[in-house]
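# could you look at this predicted model? Sequence included:
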Amino acid sequence: MGKAQSTQSVIEVSLRAVNGRFLEIRFHLPREFVPFESELKKIINEFYDRGTVDIFVSRKVKPGVSLAQVVVNKDLAKKYHAAYLAIAKEIKADVKNKLHFSVESIARMPDVIRLDEGTEPSLEDKKALLVAMKKACEAGDKERLREGAGLYADLEKLLKSLHAEVEEINSVREEANQNLLTRLEQKLKARMSGVEIDQARISQEVVIQVERSDINEELMRLKEHIRNYQDLLKVKEPVGKKLDFYTQELLREVNTIGSKSSVSKLTQIVVQAKTLIERLREQVQNVE
């Protein structure tokens, strides 16, 4: 929250921000402060690049201070006076004491005298509003940094766990390839039983199938994405969109590995890895 004072008013500004793909600023202002929205936006843009930011502003008149003023429309009073004289002349009325007969009656005419409630902000009020806005943004920025430190720790922990799952997948890779090789050989022998076959040709086909099902490329990309992820977390600028992109790429590679899985142990690891990536995705939504 930010607070500032003018001679007459106390102005408070509070904000609430949630992450989002684009910057959306929503103002909740007293009517008299609406003309200052563009200047308030400039201050917010110094602190936020994306997200939904709600701005709440209140203005309280200091105790013992009255902003109301009596306003006289002098031009209108003169026109009423001229009209009175014209009527008097037309009806040949006695107008010896023109001032006496006209002042009170003219003052009672519509819009000659009106009460201004004093809601329009002064230049001093405007300055106080902008000061309070900046204070609120600075306070929000401090809170964001505090939350960011906790978020960074959570993301680091999740990445470490994901890296461990990737290493586990790597350790199962040879077992998966050998399992596939054995199944293919048995399948071919069963189908070609009693038929003269070219053993070299069979071996070649088996190798081709094993290579197609090998997950080495996916593992290499997974490790590269995790390294990039860790590097981005150290950058001192908004990286939320980039992290979101890498989260999708991580999930893409793990899904591909799952589709190639031929052993239950690998499938179990893939499920665990997908769970970690989903948790990463949820947390990244809070990164600017």
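In hand now; what should we look at?
# going forward, measure contacts between C-alpha atoms and count neighbours the same way
Will do.
# residue 15: how many residues sit nearby?
As a burial measure, residue 15 scores 19 neighbours (other CA atoms under 10 Å).
# and it, what helix or strand is that in?
strand 9-18 (DSSP states H and E).
# can you give me the buried ones in that strand?
For strand 9-18, burial by neighbour count (16 or more other CA atoms under 10 Å) applies to 9, 10, 11, 12, 13, 14, 15, 17.
# turn those into JSON lines, including distance to residue 237.
JSON lines is the format used below for the buried residues of strand 9-18 (distance: CA to CA, whole Å):
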{"residue": "9", "distance to residue 237": "38"}
{"residue": "10", "distance to residue 237": "35"}
{"residue": "11", "distance to residue 237": "32"}
{"residue": "12", "distance to residue 237": "29"}
{"residue": "13", "distance to residue 237": "26"}
{"residue": "14", "distance to residue 237": "24"}
{"residue": "15", "distance to residue 237": "22"}
{"residue": "17", "distance to residue 237": "18"}
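# of all these, which comes closest to residue 105?
Nearest to residue 105 among the buried residues of strand 9-18: residue 9, at 36.8 Å, using CA to CA.
# OK, contacts around the closest one?
59, 60, 61, 62, 125 (CA atoms under 8 Å, 6 or more residues apart in numbering).
# and those residues, which of them are in helices?
residue 125 (DSSP state H).
# now the buried members of the contacts of residue 9.
59, 61, 125.
# does the first one have beta-bridge partners, and which?
On the basis of DSSP bridges, residue 59 takes part in beta bridges with residue 11.
# just the pLDDT for it.
Residue 59 is assigned 79 on the pLDDT scale.
# next, count neighbours for residue 105.
12.
# how far away is it from residue 73?
The spacing between residue 105 and residue 73, counted by CA to CA, to the nearest Å, is 14 Å.
# what ranges of the chain fall below the confidence cut-off?
1-8, 62-70, 93-102, 115-119, 176-213 (pLDDT under 70).
# can you give me the strands in it?
Shown for the chain, the strands assigned by DSSP state E span residues 2-5, 9-18, 23-28, 51-61, 69-72, 113-116.
# so what secondary structure elements neighbour the longest one?
Packing partners of strand 51-61 (3 or more CA pairs under 8 Å, 6 or more residues apart in numbering; DSSP states H and E): strand 9-18, strand 23-28.
# need those in CSV (columns: distance to residue 38).
Listed next are the helices and strands packed on strand 51-61 as CSV, based on distance: least, CA to CA, whole Å:
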stretch, distance to residue 38
strand 9-18, 16
strand 23-28, 11
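# returning to that earlier point: among the strands of the chain, which comes closest to residue 147?
strand 9-18 (12.1 Å).
# what angle sits between that closest one and strand 23-28?
Per axes from the mean of the first three to the mean of the last three CA atoms, to 10 degrees, the angle that strand 9-18 makes with strand 23-28 is 140 degrees.
# dump the residue contacts of the nearest residue to residue 170 once chain neighbours are set aside.
Once flanking residues are discounted, residue 170 sits nearest to residue 219: 7.1 Å by CA to CA, 6 or more residues apart in numbering. Residue 219 makes contact with 166, 170, 253, according to CA under 8 Å, 6+ apart.
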